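# Build me a structure from this.
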Amino acid sequence: QVQLVESGGGLVQAGGSLRLSCAASGRTFSTRVMGWFRQAPGKEREFVATVSWSGDNIYYADRVKGRFTIGVNNAVNTVWLQMDSLKPEDTAVYSCAAGGRPASIGYSNPAYYASWGQGTQVTVSS
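Next comes the predicted model:
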C-alpha cells in the first residue's frame, strides 16, 4: 500500500501559477508510474499528466500541454505538478495516484492506479 498526500492547492487568478506536490510513503518501490488527475464538480475524473520515478514516461493531457510540467524528486519521494497560465476551466480537485496495475491498462486510465491521495482544491478565478 502506498500513502499519498497532496499539497499546494489554492485560489489564483487566471494567468497565474500554482505548484502542487504529492508526498508518497509506504511501498513506493511497488509503483513505477505516478499520475495526476482532476475532477471538476459534476464532471468525470480527468487525466492530467504522468511521470515515472525514473523521470521518463512523461505524458500530458492535450488540455494542459505547454502549460503544466510534471516532475519527481526521488530524494524525498515527491511528485510535483507546476501549473502555469492557469485558466478558469482548470478549476478542480487535483489528486495524485500511484500506479500498480498492469501497464496494458494505460497510464491515462484511472484504473491503472492502485492508490490515491485525498486531493487538493485548485480554484482559478476569471
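
# can you pull the contacts of the spatially most central residue of the chain?
By CA atoms, centre = their mean, the chain has its centre lying nearest to residue 36, at 1.8 Å. For residue 36, the contact set (CB atoms under 8 Å, 6 or more residues apart in numbering) comprises 20, 22, 48, 49, 50, 70, 79, 81, 94, 95, 96, 97. C-beta: built from backbone N, CA, C; applies to glycine.

# and it, what helix or strand is that in?
Per DSSP states H and E, residue 36 falls inside strand 33-39.

# just to revisit the earlier point, may I ask which of the contacts of residue 36 has the most neighbours?
Among the contacts of residue 36, the one with the most neighbours (other CB atoms under 10 Å) is residue 96, at 30 neighbours.

# Quick check: that residue vs residue 11, distance?
Noted for residue 96: a distance of 20 Å to residue 11, by CB to CB, to the nearest Å.

# and if you look at residue 109?
According to CB to CB, residue 109 stands 30 Å off from residue 11.

# ditto for residue 66
With distances taken as CB to CB, residue 66 is found 23 Å from residue 11.
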